[in-house]
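Participant: Pasting the sequence and the predicted model now:
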Amino acid sequence: MITSLQLHLSKIFLKIFLRNRQAILFSLFFPLIFIGAFSFSGSEPQPFLIGVEDKSNSPFSTKFIENLEKEDLFTLINGDFENLKLSLEEGAIDGFIVIPENFEEIENLDALKFYVDASQARQASIIKQAIDRSLVSIERNIRNMSPLFTVELEDVKSRNQRYIDFLLPGLLAFMIMNLSIAGSGFNIVEYRRRGILKRLFVTPIRPRDFMIGIVLARMAIVLVQLSVVLSIALFLLDINIVGSYISFYSAVILGTLIFLCIGFALGSLAKTQEGIRPVVGLVTFPQVILSGVFFPISSMPEIVQPIVYSLPLSSVVSSLREIANDGASLFSFSTSTIGLVIWVMIAFFISIRFFVWKEVAR
């Protein structure tokens, strides 16, 4: 049962946070910058600008060029070798093809020369694959052959998901972790430095009241800021949350509890603000890289996947992503839900074990 003292303390902590406008702006706009930057990654790629020198000028080479022009991946320009080479060196084009003079009979073809900048190796590979497809298409047309079969891509979940749809739950989980640990861990160190905890120790306020007051205040801050970011993503980026908002926000609350408790423990271990930064970085940075915020955990080597799935941020990311993208329910007791519950208990135990009023935990 939440007491009036705990509510009063939470109001005080809210006022302290609202006075720090820099923290408000940073915690709110940092995720928005991420979302805005990554939202462009799902857009259609710009076609490659490819030069062509046709030394053959035969019907066969003309047909080959026509097939290349049909590729959405290319925009073709004609020119001679020297001018195309100069354009490539200046970065005006992505590569150029030289069609040899004997490129006119299927029985007597020479190799095509494709000139690229060696620093753009990945890009050159993509262009070469498209050219190979065009050559296969030309050969089929000349030989009057039709493909034995075609491949059609069909999503088993009948959805049209962009990368930003995949990314958003991960960024929200990343936001939850940062806001929560900053709200508990860094504040504990600052309150200890200013002697606030020492003065509170001699009052009737118990550690439980103090911690619940911070939890309520930071929970309100996280929910408001996350709702602002989520609303902007929904209305401006046309992102759709497939699952229930009740399940989604329940996962947010559990994730916030996990990282608030972890923050309490880290704040009790560190002596100064300078000391807590590397400690927090050691805990959070590997999770941001490994926990599936930017790419699926399933794409990682199988040997490390069990370790990665056991991280607290992985549980939060997986739960939010399953609810948002797959329509799962938090109350269906999936692996991600069980992971959240386990981490709530572990984090609560850690915070109780290490939290101290006056001195740094030893």
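Facilitator: Cool, got the structure. Numbering: from 1, shown residues only.

Participant: For residue 62, which residues are in contact?
Facilitator: When contacts are counted by CB atoms under 8 Å, 6 or more residues apart in numbering, residue 62 touches residue 54. Where you see a C-beta, it was placed from the backbone N, CA and C, and this is true even at glycine.

Participant: Go through the helix or strand harbouring it and flag the buried ones.
Facilitator: Following DSSP states H and E, one finds residue 62 within helix 59-70. By neighbour count on 16 or more other CB atoms under 10 Å, the buried set for helix 59-70 is 61, 64-65, 67-68.

Participant: Where do the strands of the stretch 1-150 of the chain begin and end?
Facilitator: Using DSSP state E, counting those that start in this stretch, the strands of the stretch 1-150 of the chain run over residues 48-54, 74-78, 95-99, 113-115.

Participant: Relative to the third one, what are the paired strands and their orientations?
Facilitator: The one in question is strand 95-99. Applying DSSP bridges to the sheet, strand 95-99 is found paired with strand 48-54 (parallel), strand 113-115 (antiparallel).

Participant: possible to save those strands as a markdown table with mean neighbour count, distance to residue 171 and mean pLDDT?
Facilitator: As requested, the strands paired with strand 95-99 are exported to a markdown table (neighbours: other CB atoms under 10 Å; distance: least, CB to CB, whole Å; pLDDT from 0 to 100):
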| stretch | mean neighbour count | distance to residue 171 | mean pLDDT |
| --- | --- | --- | --- |
| strand 48-54 | 20 | 30 | 86 |
| strand 113-115 | 14 | 39 | 82 |
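
Participant: one step back: in CSV: the buried residues of helix 59-70, plus pLDDT and distance to residue 53.
Facilitator: Converted to CSV, the buried residues of helix 59-70 look like this (pLDDT from 0 to 100; distance: CB to CB, whole Å):
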residue, pLDDT, distance to residue 53
61, 80, 10
64, 77, 13
65, 82, 11
67, 77, 17
68, 77, 13
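
Participant: Would you mind putting these into CSV with distance to residue 191 alongside?
Facilitator: Formatted as CSV, the buried residues of helix 59-70 follow (distance: CB to CB, whole Å):
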residue, distance to residue 191
61, 77
64, 73
65, 72
67, 70
68, 67
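
Participant: picking up where we left off before, so which of the strands of the stretch 1-150 of the chain is nearest residue 334?
Facilitator: Closest approach to residue 334 among those (CB to CB): strand 48-54, 42.7 Å.

Participant: which residues touch that closest one?
Facilitator: Under CB under 8 Å, 6+ apart, the answer for strand 48-54 is 61-62, 65, 68, 73-81, 84, 87-88, 92-99, 123, 126-127.

Participant: For PyMOL, write a command that selects the buried ones of those residues.
Facilitator: Only the buried entries of the contacts of strand 48-54 go into this PyMOL selection, using 16+ other CB under 10 Å:
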select buried, resi 61+65+68+73+74+76+84+87+88+93+94+95+96+97+98+99+127
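
Participant: Could you report the distance from the spatially closest residue to residue 6 that is not a sequence neighbour to residue 180?
Facilitator: Counting by CB to CB, 6 or more residues apart in numbering, residue 6 lies nearest to residue 212, which is 4.6 Å off, once chain neighbours are set aside. From residue 212 across to residue 180, the span is 15 Å (CB to CB, to the nearest Å).

Participant: just residue 236 next, same as before
Facilitator: 26 Å.

Participant: in the helix or strand hosting residue 322, what counts as buried?
Facilitator: Assigned by DSSP H and E, residue 322 belongs to helix 312-326. Within helix 312-326, the residues scored as buried using 16+ other CB under 10 Å are 312-325.
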